[in-house]
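Visitor: Give me a 3D structure for the following:
(chains A and B, ligands or ions: 1)
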Amino acid sequence: MKSLAQLEQLKKEMREVLKIRDGVASGPWNYHVMVCGGAGCISSNCRDIVTALKAELAAKGLEKEVKVVLTGCMGPCDMGPVMIVYPEGTFYRRVKPKDAATIVEEHLANGTPVRRLLYRAPGSTEPIPKYSDIDFFKKQHKVVLRNMLYIDPLLIEDYISRDGYGALGKALTQMKPEEVIATVKAAGLRGRGGAGFPSGMKWEFTAKATGSPKYVVCNADEGDPGAFMDRSVLEGDPHSIIEGMTICGYAIGAERGYVYIRAEYPLAIERLEAAIARAREFGFLGQDIFGTGFNFDIEIRIGAGAFVCGEETALLTSIEGRRGEPRPRPPFPANAGLFGKPTVINNVETWANIAPIILNGSEWFASIGTEKSKGTKVFALAGRVNNTGLVEVPMGTTVREIVFDIGGGIPRKKAFKAVQTGGPSGGCIPAEHLDVPVDYDSLGQLGAIMGSGGMIVMDEDTCMVDIAKFFLDFVVDESCGKCSPCRIGTKRALETLERIANGNGKEGDIELLLELCSTIKQTALCGLGQTAPNPVLSTIRYFRHEYEDHIKEHKCQASVCEFKAAEE
Amino acid sequence: MAMITLTIDKQKVAVKEGTTILEAAKQLGINIPTLCYLKEINVIGACRICMVEVQGARTFVAACVAPVAEGMVVRTNTAAVVKARKLVLELILSDHPMECLTCVRNQNCELQRLAEAFGLTEIRFQGATTDYPVDDSSPAIVRDPRKCVLCRRCVSVCAEVQTVRAITAQERGFKTLIAPAFNQGLSEVACVNCGQCALVCPTGAIHEKDDIDKVWAALADPKKHVVVQTAPAVRVTVGEALGMAPGSIVTGKMVAGLRHLGFDKVFDTDFTADLTILEEGNELLQRVNGGGTLPMITSCSPGWIKFIEHFYPDLLPHLSTCKSPQQMFGALAKTYYAQKAGVDPADVFCVSIMPCTAKKFECERPEMNSSGYQDVDVVLTSRELARMFKRVGINLAALPVEEYDAPLGISTGAGEIFGATGGVMEAALRTVYEVVTGKTLDNLDFEMVRGLDGVKEATVPVGDLNVKVAVANGLGNARKLMDAIKAGTADYHFIEIMCCPGGCIGGGGSPIPTNTEIRNKRIAATYVEDKNMPLRKSHENPAVQALYAEFLEKPLGHKSHELLHTKYTPRGQYPEQ
Ligand SMILES: Cc1cc2nc3c(=O)[nH]c(=O)nc-3n(C[C@H](O)[C@H](O)[C@H](O)COP(=O)(O)O)c2cc1C
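Guide: Numbering: from 1, shown residues only, chains lettered A, B, ... in the order given. Predicted structure coming up:
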């Protein structure tokens, strides 16, 4: 790609071809059938559906009129496998390969949607044919997941049709590096990897830091159990990451980027690798990008799946080829990052926000969200909720809206008890705070954290001592073992919880846990240890009576814990 | 460099940019407690004992790694931070075997001192404990992971100072273990037995293998004729392990103490150090004149020998073929001396007192039996000798000064300086100069090869030849010279390498603590000893002259080759099992 004009030309052509996906029936195609290729749907065999559809279409001689596309994750995972049929946007759920014949026969050949595969709201029998009329989709605001319902992740042309690489072209040909940084700063974008640090400031520190070369790193380690936001973006829209990182490279004066992905994400690795290769062919990576003399390229580094390797300094140490252990900060990566050089490290979701910010401007972005938390946030909604899956909402959306409007509420008429945000090192939000706006600061005040976007809904059948034990067990396993409070302290806290949960708790255990946990928070070396006690502290904060029941009366309200005979 | 002003415990202090809070506090006389920290070697903030409060910081801050910032306000002794430190220490102790009374580091343990300082009377956390088995596969070093506090000092010194990387963190979380890769035994990997790990260990988790009982048994055996040799460095270090100040010289008192322990003869490795100079000096001249492999490299230091065998096996031809002074001594004790004293060599039991753990490995090398027996039977470190003295109530300070026995106890100042980095080189230069030129040296002090600099170089005119020499101490520095040889940029004639930083006075068998300040004091004492000697050149040693006249005939002669020279074993970095 040698000029912006050339890109614009290609985009125009591709838009014309693909406008059916915007609901405009035209051109050679009657239908585009978008089959969700997210992780959940893939594990429920959506690929067989694609094969079956293609076979049926071929049998009917419709291959030239109906295009079948495997997309990234569409979001409503528990309804999977799901698909959308354009131009009208018909949404099918729980599709089986054997449904392919009916879909082709009734819908794609004869224009009548298959009624039994349509969505119905919980408790209703009336089908809602269009995805855009379904609450789950209607209440979302997609910036990061902007392309998920529309593109074939393997086709760079699909990405270009939806403004792809336009932001890179704009930045390189029309903006100075300082202007790029100023735009990201003014947008108010904060890091989506957990800590919420203002990204523009990070870029500015790195741009100003002495030392070269400088590096751009994408944190795609995504170690939180149950989280798949980053994975979905990488699998469904890999070019958005490449574009964001390349823009940053230009802004801070770096020529090399690394994406650190866990080995457990083979499809993400494969798609990103393919996308990088394509981007090189198109000249979005490599030498003299957009004819501006700017060079940038990206390499993938594969992590072995240690949770702590998502912590930025451990991640950089791991890329350097050493045991992935955190190092003290300061120095921060902006000054001494990868190989001791100034480095910007951002999360996948953070990177996915960059191109829209550059294209649409900082005011547009800052108009979404709350005063101190701008833009949207992607959550992996899981647990005791009707619509589990991937959702993106403006910052400031309340927990109630996410759980009840988008999530469709709690199944089997059970009572909502709490939601755990921020993954294993997050905290829980009880029913009395259902109306808290989800943003960095409000969650922090409640003793929870935004984290990377895990959101686990718990109903009345959940024991909070058990939950604390579950999360702590995870961090005990994942502690790197470098600093004593995390290595020994989390283990001792877990042992205490185990005693409480099996009926051997003692008077004073709660106080000891509080002292231990607050000391670990205060003294641990990295974010893992500093946040590891959160589940314990927040469950004690909101559900202390459950701990007391376990200790004093050997009672587990939710009937989860099994009490063993007291040990002497 | 810019100066930074900050406030620590309400006092203002100005320090250089980049200083840590810990070091800045020290300038005010405030000693923040530490455990993992080891200045310049291990600055990683792992133990979290040195926590302090910094105004505006989200959490407490580890003083050992936190750089100062302008206007920073630090409190080192608030109730909250002291309580936090105490709890961290309590956690560490909750996974510690508490075997203080039976521990090799009893009363010289940093963890014990901290526990005492914090007044910990109760451990409130009971639970799982680390129970990896003891690794005593090595003849020199024992690892006891149960006592390990995972401070990583040993890992840092092994990797960064010695560049050996024999041990590192394995597993993670509560299961973390410091060990060779795949938790192999130390004897199965490229460990050089230098013992620097033991020297820096704050607890008893890694220590010398204790061979005292073998010596007590020999001393108690009426059939055995037990002779002892003491390495040059021991006389300027062992006093520290008995409560004396660093740099104390205890030569004559140590001799008296050894006699008191019951050794039949008290001899001196300095004697064979002098002998080494004659053999090695002549070997150098032979190589220079005869087109042999240059640069020639010294071979006194067994840790260094194992290092080159593992990491630079292709450079082995550069090594002098001379055995180390300890092994020359052993070979002569069971031949020349036994003959002279009329003792059956089978009954001679040869003990070495060394500042060194690697010597324990060296004496067991299969090559080291040219007398027909294992030349040196047992090696004790300086620390073990101190323990023997303590066990029988020997108070060195109160003992008279006694002389070594003749003939293997007669030596010169040149032999004595073998204990410090640069000493072998200096001793060699003193002799080579006079032997080659036939002139007397005016100034015996070759200052340019002395001191703690990692790599030292000098060019010394010897007759027509400008002899180019280099000296390295510590294996990281040795590596630099080896890489230079490989790159073809080391145009030296002669290189001295000592495995341990500072040379043998910083050996892995030395009293604990050993640090830069203490090393310097020991080095200074070494040169005082040198100055005190009536003779200071190896070739003037009358006992060595007599040895050649009566027994060896001439340097590099047939008998020398049989008894005093050796071969090396290429081992590779990942030794085959
Ligand atoms: C234990 C631990 C695990 C983490 N894991 C991740 C992760 O998987 N992905 C991620 O993006 N950030 C993770 N982080 C946060 C990173 O340290 C860092 O803040 C982030 O990569 C910065 O990017 P951002 O500013 O775009 O959020 C983790 C932090 C901690 C303490």
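Visitor: going forward, measure contacts between C-alpha atoms and count neighbours the same way
Guide: Fine.
Visitor: which intervals of the chain have sub-threshold pLDDT?
Guide: Going with chain A. A:565-568 (pLDDT under 70).
Visitor: actually it's chain B I care about, not the one you picked
Guide: B:576-577.
Visitor: Where does it get nearest to chain A, residue-wise?
Guide: Chain B approaches chain A most closely through B:Gly173 (3.9 Å), counting by CA to the nearest CA.
Visitor: Enumerate the residues of chain B near chain A.
Guide: B:44-48, B:51, B:59-62, B:65-67, B:84, B:87-88, B:91-92, B:95, B:125-127, B:150, B:172-176 (CA under 8 Å from any CA of the partner chain).
Visitor: And these, which of them are buried?
Guide: Burial by neighbour count, 16 or more other CA atoms under 10 Å in any protein chain shown: within the residues of chain B next to chain A this picks out B:44-48, B:51, B:59-62, B:65-67, B:84, B:87-88, B:91-92, B:95, B:125, B:150, B:172-176.
Visitor: So which of the residues you listed sit within helices?
Guide: In this view, those that belong to helices under DSSP state H are B:84, B:87-88, B:91-92.
Visitor: Dump these to a markdown table, plus distance to B:Gly243.
Guide: A markdown table is the format used below for these (distance: CA to CA, whole Å):
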| residue | distance to B:Gly243 |
| --- | --- |
| B:Ala84 | 34 |
| B:Leu87 | 32 |
| B:Val88 | 31 |
| B:Leu91 | 32 |
| B:Ile92 | 29 |
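Visitor: how far away is A:Cys486 from A:Met1?
Guide: 50 Å (CA to CA, to the nearest Å).
Visitor: more crowded one of these two?
Guide: A:Cys486 (33 against 18; other CA atoms under 10 Å in any protein chain shown).
Visitor: my guess is the more buried one is in a helix, correct?
Guide: Yes. Judged by DSSP: H, G, I helix; E, B strand; the rest coil, A:Cys486 forms part of a helix.
Visitor: residues in contact with it?
Guide: A:476, A:479, A:520, A:524, A:528-529, A:532, B:173 (CA atoms under 8 Å, 6 or more residues apart in numbering or on different chains).
Visitor: so where's the longest helix in chain B?
Guide: helix B:269-290.
Visitor: other SSEs contacting it?
Guide: Secondary-structure packing of helix B:269-290 (3 or more CA pairs under 8 Å, 6 or more residues apart in numbering or on different chains; DSSP states H and E): strand B:225-230, helix B:325-332, helix B:413-416, helix B:423-437, helix B:542-547.
Visitor: Could I get the buried residue list for the shortest one?
Guide: I take that to be helix B:413-416. Going by 16+ other CA under 10 Å, helix B:413-416 has these buried residues: B:413-416.
Visitor: So which of those residues is the closest to the ligand?
Guide: Taking CA to the nearest ligand atom as the measure, the ligand lies nearest B:Glu416 of the buried residues of helix B:413-416, at 54.8 Å.
Visitor: Nearest residue to the residue of chain B found nearest the ligand in space, please, no chain neighbours.
Guide: Nearest to the ligand, among the residues of chain B, is B:Gly173, at 12.6 Å (CA to the nearest ligand atom). Once flanking residues are discounted, B:Gly173 sits nearest to A:Gly481: 3.9 Å by CA to CA, 6 or more residues apart in numbering or on different chains.
Visitor: Roughly how far does the one you found sit from B:Ile49?
Guide: 15 Å.
Visitor: A:Leu70 too?
Guide: Applying CA to CA to A:Leu70 and B:Ile49 gives a distance of 55 Å.
Visitor: Neighbours of residue 280, how many?
Guide: Assuming you mean chain A. Around A:Arg280 there are 18 residues (other CA under 10 Å).
Visitor: actually it's chain B I care about, not the one you picked
Guide: Neighbours of B:Glu280 (other CA under 10 Å): 25.
Visitor: So what sits opposite the nearest residue in space to it that is not next to it in sequence in the bridge?
Guide: Nearest non-adjacent residue to B:Glu280, counting by CA to CA, 6+ apart: B:Cys322, 6.4 Å away. For B:Cys322, the beta-bridge partners under DSSP bridges are B:His565.
Visitor: before we move on, back to that, of A:Gly481 and B:Ile49, who's got more company?
Guide: B:Ile49 (30 against 24).
Visitor: show me what contacts that one?
Guide: B:Ile49 neighbours (CA under 8 Å, 6+ apart): B:33-35, B:62, B:85-86, B:88-89.
Visitor: Quick check on it: phi, psi?
Guide: phi -80, psi -30 (degrees, to the nearest 10).
Visitor: now A:Leu381
Guide: Torsion angles, degrees, to the nearest 10, at A:Leu381: phi -90, psi 120.
Visitor: any idea how far it lies from A:Phe470?
Guide: From A:Leu381 to A:Phe470 the distance is 18 Å (CA to CA).
Visitor: In terms of packing, which of those two has more residues around it?
Guide: Using other CA under 10 Å as the criterion, A:Leu381 and A:Phe470 rank with A:Leu381 on top: 31 against 16.
Visitor: picking up where we left off before, skip ahead from the longest helix of chain B and say which helix or strand is next.
Guide: Per DSSP states H and E, helix B:269-290 leads on to strand B:296-297 as the next helix or strand towards the C-terminus.
Visitor: Mind giving me the packing neighbours of that following strand?
Guide: Using 3+ CA pairs under 8 Å, 6+ apart: strand B:296-297 touches strand B:494-498.
Visitor: Next, the angle from the strand it packs on to helix B:423-437.
Guide: Using axes from the mean of the first three to the mean of the last three CA atoms, to 10 degrees, the inter-axis angle of strand B:494-498 relative to helix B:423-437 is 160 degrees.
Visitor: contacting residues around strand B:494-498?
Guide: Here strand B:494-498 has contacts from B:284, B:294-301, B:304, B:421-422, B:424-425, B:467-475, B:478, B:504, using CA under 8 Å, 6+ apart.
Visitor: For residue 478, give me its contacts.
Guide: If you meant another chain, say so; for now it's chain A. A:Glu478 touches A:306-308, B:172-173, counting by CA under 8 Å, 6+ apart.
Visitor: oops, I was thinking of chain B
Guide: Applying CA under 8 Å, 6+ apart, we find B:Ala478 in contact with B:455, B:472, B:497, B:499.
Visitor: at 10 Å instead, please
Guide: By CA atoms under 10 Å, 6 or more residues apart in numbering or on different chains, the residues touching B:Ala478 are B:162-163, B:304, B:307-308, B:454-455, B:471-472, B:484, B:495-499.
Visitor: what ranges do the helices span in the stretch 251-400 of chain B?
Guide: For the stretch 251-400 of chain B, the helices defined by DSSP state H, counting those that start in this stretch occupy B:251-261, B:269-290, B:302-311, B:325-332, B:338-341, B:358-362, B:382-391.
Visitor: Touching, the residue of chain B closest to the ligand and A:Leu528? I think so.
Guide: No. Using CA atoms under 10 Å, B:Gly173 is not in contact with A:Leu528, being 11.6 Å away.
Visitor: picking that back up, among the helices of the stretch 251-400 of chain B, pick out the one with the most neighbours on average.
Guide: helix B:325-332 (a mean of 28; mean count of other CA atoms under 10 Å in any protein chain shown).
Visitor: Now do that helix against helix B:269-290, angle only.
Guide: 100 degrees.
Visitor: then helix B:325-332 to CSV, C-alphas only?
Guide: Output in CSV follows, covering the C-alpha atoms of helix B:325-332 (Å, rounded to 0.1, in the frame of the first residue of the first chain):
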residue,chain,number,x,y,z
PRO,B,325,50.0,-26.6,45.3
GLN,B,326,47.7,-28.6,47.5
GLN,B,327,48.0,-31.6,45.2
MET,B,328,51.8,-31.2,44.7
PHE,B,329,51.9,-31.2,48.5
GLY,B,330,49.9,-34.4,48.7
ALA,B,331,52.1,-36.2,46.2
LEU,B,332,55.3,-35.2,48.0
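Visitor: what's the angle between that helix and strand B:225-230?
Guide: Using the same axes, to 10 degrees: helix B:325-332 against strand B:225-230 is 160 degrees.
Visitor: closest point of the stretch 1-150 of chain A to the ligand, which residue?
Guide: Taking CA to the nearest ligand atom, the ligand has its nearest neighbour within the stretch 1-150 of chain A at A:Val144, 13.1 Å off.
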